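>>> compute the structure for the input listed below.
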Amino acid sequence: MVYSAGIMTCPACGSEAPDTARFCPTCGGAIDLEASPTIDAELNPRKPSPSPSGRRSSFSGYEARYVPGTTLADRYRIVSPLGKGGMGEVYRAEDLKLGQTVALKFLPSSLAQTGESLERFTREVRLARQVSHPSVCRVFDIGEIMETTPAGKPITHTFLTMEFVDGEDLGSLLRRIGRLPTDKALEIARQICAGLAAAHEHGIIHRDLKPANVMLDGRGRVRITDFGLAGLAAEIDGDDAHAGTPAYMSPEQFEGKGVTTKSDIYSVGLVLYEIFTGKRPFSAASSEEMARLRDKSAPPSPSEFVKDLDPLIERVILRCLEKDPSKRPASALQIAAALPGGDPLAAALAAGETPSPEMVAASGISEGLRPAMAWGLLAAVVLSASAAILLGSRTMLYSLVPLETPPDALALRAQDILKNLGYSEPPVDTAVGLYENSDFLNYIEEHDNSKTRWDNLENGAFLFWYRSSLQPLAGRDVFSRSQVFESVWTDDPPLNLSGMTLVQLTPSGRLSQFVVVPPQVEESIGASSSPDWTPLFSAAGLDPSKWTPVPPMWTPPVYSDARAAWRGMLAGRPLIPMRIEAAAYRGKPVYFELIGPWTQPERMQPSQLSGGIRVGLTIFIILLVSMLGFGAMVAWRNLRLGRGDRRGAFRLAAFVFVAWGFAWLSGAHHVATYADSCSSSSFSFGQLPGPVSSGFYT
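Numbering: from 1, shown residues only. Coordinates of the predicted model:
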């Protein structure tokens with residue numbers, strides 16, 4: 001809670017003046033700051049009592065505990081008393097360590113030693129410090145001082161330090177001038193709603209929102225104060241739900257029912273009623289009568305007191321005062337947006353805050369582009385989309401390569417090839433996939449400058465692969481080259497178990513690579529039969545007579561006892577030299593691969609990166625680290641300033657986590673195995689190592 005210095009009276013003419021004024025604005029006479037009492041009607045002023053020093057220690061009609069000049073905790077020097085109420089006594093003080101003016105709030109002596117009051121005092125600090133908003137009072141810390149009573153008994157006084165607001169509370173302002181001008185009332189109403197919304201975002205319900213707990217500084221800016229009765233929504237129940245000021249309590253608070261943010265919305269309606277009309281909607285002599293009025297009668301229309309009141313303002317106020325909480329506005333931000341000229345989004349941005357998604361949604365449509373600009377942008381989007389569709393046949397790789405055979409048919413084709421080569425044992429597990437052969441495409445781009453270089457791409461642009469095994473296929477690389485959750489690939493798990501197979505086909509179903517792991521243990525050793533390579537050529541759609549036998553150069557990835565190699569050219573690309581490497585074990589083929597100039601020997605030493613690639617990688621790493629570091633600094637700064645939307649960030653993170661989990665569950669290849677691998681998730685057809693549609697080749 002923040003207290004202002006209030007209003008002083010001139011000893012010469014009796015006119016009111018701010019307590020910080022040294023001269024009367026009416027007569028010009030000097031004002032004795034230590035002797036002039038403060039006017040505060042809400043604190044039941046009584047005649048000041050003289051202090052032991054002979055000077056009056058009262059500034060607002062009550063005897064203050066500490067006189068100006070007193071130093072507390074070797075840090076805070078009392079400047080003047082500010083006010084006293086049922087739940088605290090407040091002083092203006094100087095922080096001698098930081099050189100700043102603060103407000104000190106002490107518990108009354110009658111409550112200072114009760115555990116419940118100390119707990120409420122501590123809770124006020126704990127909750128108020130969670131909310132960082134320009135329209136909410138800043139609470140700094142809690143402290144204690146030890147004193148000795150005249151009887152020699154030690155006593156502990158607990159106090160909290162908070163922001164000092166040089167102004168007055170809204171309640172005293174309304175008593176002095178009545179209702180506020182409409183434009184000023186709207187400004188104050190929006191600030192109250194913004195501050196209350198900030199508390200609600202942290203799950204905090206104020207429960208004691210009233211004009212006396214709304215401070216206005218010298219520039220008319222709002223500070224919501226006094227979180228002594230506030231609590232977390234999930235913790236308020238039972239008898240605790242009755243706490244509050246009866247004149248500003250909601251019907252459900254009187255009945256002890258569930259207290260929610262809608263209870264604060266009702267209190268907002270009461271405050272708005274008072275600042276726009278200068279009247280309270282309900283008047284009663286007791287809390288019981290007030291509860292009966294809340295339950296049995298409706299508040300009079302504000303227009304009965306202010307004839308020219310904007311009907312929109314009246315509707316907003318009456319909607320806040322609905323008996324049924326479900327009929328009240330959904331949030332404080334919705335109230336601000338519903339008021340005439342309301343733009344809570346602009347107010348948040350002007351305050352240097354990051355608007356929450358709720359604020360953006362509640363802000364409504366208040367601004368927009370000029371019609372000419374909007375139509376121009378729409379036309380640009382339509383033209384761009386149309387151009388992308390029309391040029392797709394010339395730019396998108398998938399449109400240049402026929403993909404007419406569905407994946408199920410290609411998988412059956414791979415199984416037929418295995419059976420024709422003598423491998424007919426049913427597998428325990430299989431996996432399939434499709435990838436873009438970037439090595440082939442890069443070679444064509446670098447070595448072929450003809451206009452027809454992107455014709456006849458079906459022999460190498462895309463490759464379909466089929467894996468089978470007599471054991472579950474449990475991939476070992478969670479972060480595989482395809483997807484984070486797709487860990488089965490052409491080489492993962494490695495082909496190191498007997499009976500594992502790999503068949504790679506072109507989109508038209510022609511064989512490009514064939515690997516079968518032979519048995520690790522031979523049951524009998526006999527003479528090996530001569531392998532027949534013709535079925536392999538037939539599966540690849542090649543004529544053996546047009547391929548010249550040459551000495552083998554590429555060693556097979558599996559054990560074999562017979563090898564062969566041929567050299568020739570593909571029908572669609574007669575200028576590119578090709579090789580075929582094959583191997584067999586005990587007369588059955590175990591290896592076949594169509595090798596072009598673009599084929600990389602993956603089992604040899606890694607190739608050295610070129611200078612251009614090294615420079616590019618270095619720049620990429622520097623930019624990545626810089627962006628991460630800068631982003632972390634901005635995030636940390638926003639968190640310190642209370643601008644970060646933690647709630648929205650948590651929702652986004654939760655959504656991404658759930659989305660990835662769903663993708664893994666629906667697209668993974670799950671197997672029941674205790675293999676020492678990360679996950680047995682594999683293929684979801686259509687997820688490629690690189691987006692096919694992003695390949696532009698012109």
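
>>> number of residues surrounding the nearest residue to residue 269 once chain neighbours are set aside?
Using CB to CB, 6 or more residues apart in numbering and skipping residues adjacent in sequence, the residue nearest residue 269 is residue 320, 2.7 Å away. Backbone N, C-alpha and C define where each C-beta goes, glycine included. Neighbours of residue 320 under the rule other CB atoms under 10 Å: 25.

>>> distance check, residue 320 against residue 313.
11 Å (CB to CB, to the nearest Å).

>>> same deal with residue 377?
With CB to CB as the criterion, residue 377 and residue 313 are 36 Å apart.

>>> residue 208 now?
The value you get for residue 208 to residue 313, if CB to CB is used, is 24 Å.

>>> repeat for residue 280
17 Å.

>>> looking at these two, which is more packed in?
Between residue 280 and residue 313, residue 313 has the larger neighbour count (other CB under 10 Å), namely 21 against 15.

>>> wait, a strand at that one?
No: Residue 313: not assigned to a strand; according to DSSP: H, G, I helix; E, B strand; the rest coil it is helix.

>>> now do residue 527, the pLDDT please.
On pLDDT, residue 527 comes in at 66.

>>> distance from the chain centre to the longest helix seen in the chain, please.
Longest helix in the chain by number of residues (criterion: DSSP state H): helix 611-640. Put simply, helix 611-640 sits 21 Å off its chain's centre (CA atoms, centre = their mean, to the nearest Å).

>>> again, but for stretch 491-504
43 Å.

>>> repeat for stretch 323-338
24 Å.

>>> verify the stated contact: residue 432 with residue 410.
Yes: contact status for residue 432 versus residue 410: in contact at 7.5 Å, counting by CB atoms under 8 Å.

>>> gap between the two ends of stretch 319-328?
For stretch 319-328, the first-to-last residue distance is 5 Å (CA to CA, to the nearest Å).

>>> show me which residues of that stretch are buried.
319, 320, 321, 322, 325, 328 (16 or more other CB atoms under 10 Å).

>>> any low-confidence regions in the stretch 351-500 of the chain?
Low-confidence segments of the stretch 351-500 of the chain (pLDDT under 70): 351-368, 393-399, 476-486.

>>> mind listing the helices for it?
Secondary structure of the stretch 351-500 of the chain by DSSP state H, counting those that start in this stretch: the helices cover 357-363, 371-395, 397-400, 407-420, 438-447.

>>> now the stretch 51-200 of the chain
Going by DSSP H, counting those that start in this stretch, the stretch 51-200 of the chain shows helices at 115-128, 170-177, 182-201.

>>> residue 506 is nearest to which of the helices of the stretch 351-500 of the chain?
Between residue 506 and the helices of the stretch 351-500 of the chain, the tightest spacing by CB to CB is seen for helix 407-420, at 9.3 Å.

>>> just the buried residues of the closest one, please?
For helix 407-420, by 16+ other CB under 10 Å, it's 407, 410, 411, 413, 414, 415, 417, 418.

>>> what of stretch 450-457?
Quick answer for stretch 450-457 (16+ other CB under 10 Å): 454, 456, 457.

>>> picking up where we left off before, could the buried residues of stretch 319-328 be laid out in JSON lines, adding pLDDT and distance to residue 565?
Formatted as JSON lines, these follow (pLDDT from 0 to 100; distance: CB to CB, whole Å):
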{"residue": "319", "pLDDT": "91", "distance to residue 565": "85"}
{"residue": "320", "pLDDT": "91", "distance to residue 565": "86"}
{"residue": "321", "pLDDT": "90", "distance to residue 565": "91"}
{"residue": "322", "pLDDT": "89", "distance to residue 565": "87"}
{"residue": "325", "pLDDT": "88", "distance to residue 565": "83"}
{"residue": "328", "pLDDT": "89", "distance to residue 565": "83"}
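
>>> tell me the buried residues in the longest helix of the chain?
Per 16+ other CB under 10 Å, helix 611-640 contains these buried residues: residue 638.

>>> and that helix, average pLDDT?
87.

>>> could you count how many residues lie near residue 305?
With other CB under 10 Å as criterion, residue 305 counts 15.

>>> so who does it touch?
179, 277, 278, 279 (CB atoms under 8 Å, 6 or more residues apart in numbering).

>>> 7 Å - rerun?
Residues counted as contacts of residue 305 (CB atoms under 7 Å, 6 or more residues apart in numbering) are 277, 279.

>>> can you tell me how far residue 296 sits from residue 318?
From residue 296 to residue 318 the distance is 17 Å (CB to CB).

>>> which one's more surrounded, the two?
A direct count of neighbours by other CB under 10 Å for residue 296 and residue 318 places residue 318 higher, at 17 against 8.

>>> so the more buried one, which state does it fall into?
helix.

>>> check what pLDDT it gets.
At residue 318, pLDDT is 91.

>>> how's this structure carved up into domains?
1-167, 403-595 (automatic domain parsing).

>>> distance to residue 215 added to the ones you listed, as JSON lines?
As requested, the domains of the chain are exported to JSON lines (distance: least, CB to CB, whole Å):
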{"stretch": "domain 1-167", "distance to residue 215": "5"}
{"stretch": "domain 403-595", "distance to residue 215": "53"}
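
>>> those domains: lowest mean pLDDT?
domain 1-167 (a mean of 66).

>>> show me where pLDDT drops low in the stretch 201-350 of the chain?
228-244, 342-350.

>>> please enumerate the helices of it.
Under DSSP H, counting those that start in this stretch, the stretch 201-350 of the chain gives helices at 251-255, 261-277, 287-296, 311-320, 332-338, 344-350.
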